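1. Everything below, folded, please.
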Amino acid sequence: MMSRDLGTAAHDEVDARWQAQCGAVLVEFKRTHSMRDVRHALLTLAYLIRHEPPSTTAVCVLVDSRLSDSRLRDELKQLRQVIHPEIASRVHYLVDKGHIAKDRGRNTVAFSGSLTDAPADFYPWLEAQVAAERVRGHGPQMPPRQGVIAALAQLRLRNLAPVTIKRLQDTCGVSYPTVAAVLKELTQRGWLEDTGERGVRLRPLTVGEWMELARDHARLRKAQLFTDPTGHSAPEQMARRLARLQGSNKLPLSVRVGGVLGATGHFPALDITAAPRLDISVDADPARVAALLDAGLQPKTRPEQRVALAVHVTREPFGDEQGPESAPPLASELECLADLIEMGYTREASEMARHMESTNKAWRPAS
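-> Numbering: from 1, shown residues only. Okay, here's the model as predicted:
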């Protein structure tokens, strides 16, 4: 059995866990050129593995790193001189080679490093994890200001408690001046809620205000459009493939379905009979995600080309919406509303915004 295990209390500090009858492997990915980062990762793995059965090993996997095997060997040797031998001997490193060689029709190991006795089926699993890590690691970013606004919209839509400026900074990965500027702008528009509680949050918005927020979001977020030269791609088919890729850990769960399919998940009464394209929201590299979904997709370069896939770059730090069983997660209502407006479904977007206005309630502290 092989699984990705990121949420349990025992392993919440590692990126992945491979499990088989012969034992487990704890995996920490590092995209770095700094030996200090590697040293910290190896020490963290040594600490965690103390609480594991003797059959468990741990490995730091270097992805797209310029660090040499010799430097890494020296670092591991130093670690093993100061850590208890029973623990230190179970901590390893691997360097991803970025390709899989072919040997007599079988995939050979595409990694080098100190871990040499892992079962053969560990490496295909690790290749898939590295591919997902690369998808997560590169790509355009949402403008910092819009990231804060999207996070505040999520708080409002989920009826979550107000949050501090520090929480917004940490969650959105932005500076204090960025958060302060956004809050000043929203205060001037009268959009912040005064609950008397510590922290900030949007007040319940009207239909017009949700539409205004979604128009701004559609205009400011980054997106890449892809076309299918064969004309055979279908949004529902690609959404099912997305679910399978997420189920096998080849795409992260942060890839979410928006557009007509996502909006229908939030608002079943949406008056659109068929989705013209698949819209997804990602915090990763759009081109890599598109290639995994359908290798035949190509970037749209001419106005007359039909859009098969629209990849919107965003983050949903407070989002927890799930689709139906065996379906990918849903993008937020704000993302879906922006998608509808972008596609020209203004009337349908207004109906969805009215639904959002009527169902969104003011937060009340627990009594």
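2. Counting neighbours, what do you get for the nearest residue to Leu270 once chain neighbours are set aside?
-> The spatially closest residue to Leu270, leaving aside those adjacent along the chain, is Thr264, at 4.9 Å (CB to CB, 6 or more residues apart in numbering). All C-beta spots, glycine's among them, are computed from the backbone N, C-alpha and C. Using other CB atoms under 10 Å, Thr264 is surrounded by 17 other residues.
3. does Thr264 sit in a helix, a strand or a coil?
-> For Thr264, the assignment made with DSSP: H, G, I helix; E, B strand; the rest coil gives helix.
4. how close does it sit to Arg241?
-> Distance, Thr264 to Arg241, by CB to CB, to the nearest Å: 19 Å.
5. likewise Ala118?
-> Ala118 is 29 Å from Arg241, by CB to CB.
6. Met352 falls within a helix, correct?
-> Yes - according to three-state DSSP, the state of Met352 is that of a helix.
7. so where is the stretch 151-300 of the chain shaky, pLDDT-wise?
-> For the stretch 151-300 of the chain, the stretches flagged by pLDDT under 70 are 195-197.
8. show me where it has strands.
-> 222-227, 256-257, 278-282, 298-299 (DSSP state E, counting those that start in this stretch).
9. Adjacent strands (with direction) for the helix or strand following the last one?
-> Translated: strand 298-299. Using DSSP states H and E, the next helix or strand after strand 298-299 towards the C-terminus is strand 309-313. Note on strand 309-313: by DSSP bridges, its sheet partners are strand 222-227 (antiparallel), strand 278-282 (parallel).
10. Could you measure from Leu288 over to Ala327?
-> For residue 288 the amino acid is Arg, not Leu. In terms of CB to CB, Arg288 sits 22 Å off from Ala327.
11. which one of those two has more residues nearby?
-> Arg288 (20 against 16).
12. how much space is there between the more buried one and Gln224?
-> Taken as CB to CB, the span from Arg288 to Gln224 is 11 Å.
13. check contacts around Ser114.
-> In this structure, Ser114 makes contact with 72-73, 76, 92-94, judged by CB atoms under 8 Å, 6 or more residues apart in numbering.
14. Is the residue nearest to it when sequence neighbours are not counted within a helix or a strand, and which one?
-> Closest residue in space to Ser114, ignoring its immediate chain neighbours: His92 at 4.3 Å, by CB to CB, 6+ apart. Using DSSP H and E, the element containing His92 is strand 91-96.
15. Report the strands that pair with that strand, each with its relative direction.
-> Short version: by DSSP bridges, strand 91-96 pairs with strand 57-62 (parallel), strand 111-113 (antiparallel).
16. Run the chain-centre distance for the longest one.
-> Put simply, strand 57-62 sits 22 Å off its chain's centre (CA atoms, centre = their mean, to the nearest Å).
17. Could the C-alpha coordinates of whichever helix or strand comes after that strand be exported in CSV?
-> Going down the chain from strand 57-62, the next helix or strand is helix 69-82, by DSSP H and E. C-alpha atoms of helix 69-82 as CSV (Å, rounded to 0.1, in the frame of the first residue of the first chain):
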residue,chain,number,x,y,z
ASP,A,69,26.5,14.5,-4.4
SER,A,70,29.8,15.0,-2.7
ARG,A,71,28.6,17.9,-0.6
LEU,A,72,25.5,16.0,0.4
ARG,A,73,27.5,12.9,1.3
ASP,A,74,29.8,15.0,3.5
GLU,A,75,26.7,16.6,5.2
LEU,A,76,25.2,13.2,5.9
LYS,A,77,28.5,11.9,7.2
GLN,A,78,28.7,14.8,9.7
LEU,A,79,25.1,14.2,10.8
ARG,A,80,25.9,10.5,11.4
GLN,A,81,28.8,11.5,13.6
VAL,A,82,26.6,13.4,16.1
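18. So which residues make contact with helix 69-82?
-> 35, 38-39, 42-43, 46, 62, 88-89, 91-93, 95, 112-114.
19. same deal with stretch 178-198?
-> By CB under 8 Å, 6+ apart, the list of residues contacting stretch 178-198 reads 144-145, 148-149, 152, 161-162, 164-165, 168-169, 172, 200-205, 209, 362-363, 365.
20. tally of neighbours for Ala331?
-> Ala331, neighbours per other CB under 10 Å, totals 31.
21. and it, what does it touch?
-> 256-258, 262, 279-281, 312, 314, 316, 319, 321, 339 are the contacts of Ala331 under CB under 8 Å, 6+ apart.
22. For it, which non-adjacent residue is closest in space?
-> Gly258 (3.5 Å).
23. Does that neighbour touch Val282 like I think?
-> No - with contact defined as CB atoms under 8 Å, Gly258 and Val282 do not form a contacting pair (10.1 Å).
24. Which residue, other than its chain neighbours, is closest to the residue nearest in space to the middle of the chain?
-> By CA atoms, centre = their mean, the chain has its centre lying nearest to Ser254, at 3.1 Å. For Ser254, ignoring the flanking residues on the chain, the nearest one in space by CB to CB, 6+ apart is Asp283 at 5.2 Å.
25. Neighbours of the one you found, how many?
-> Neighbours of Asp283 (other CB under 10 Å): 19.
26. quick one: it from Ala118, how far?
-> For Asp283 relative to Ala118 (CB to CB), the value is 30 Å.
27. Direction included, what does the longest strand that the chain contains pair against?
-> For the chain, the strand reaching the highest residue count under DSSP state E is reported as strand 23-30. If you go by DSSP bridges, strand 23-30 pairs up with strand 16-20 (antiparallel), strand 57-62 (parallel).
28. pLDDT averaged over the first one, what's the number?
-> Just to be clear, that refers to strand 16-20. Averaging pLDDT along strand 16-20 gives 86.
29. picking up where we left off before, could you dump the strands of the stretch 151-300 of the chain to TSV with mean neighbour count?
-> Converted to TSV, those look like this (neighbours: other CB atoms under 10 Å):
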stretch	mean neighbour count
strand 222-227	19
strand 256-257	28
strand 278-282	29
strand 298-299	12
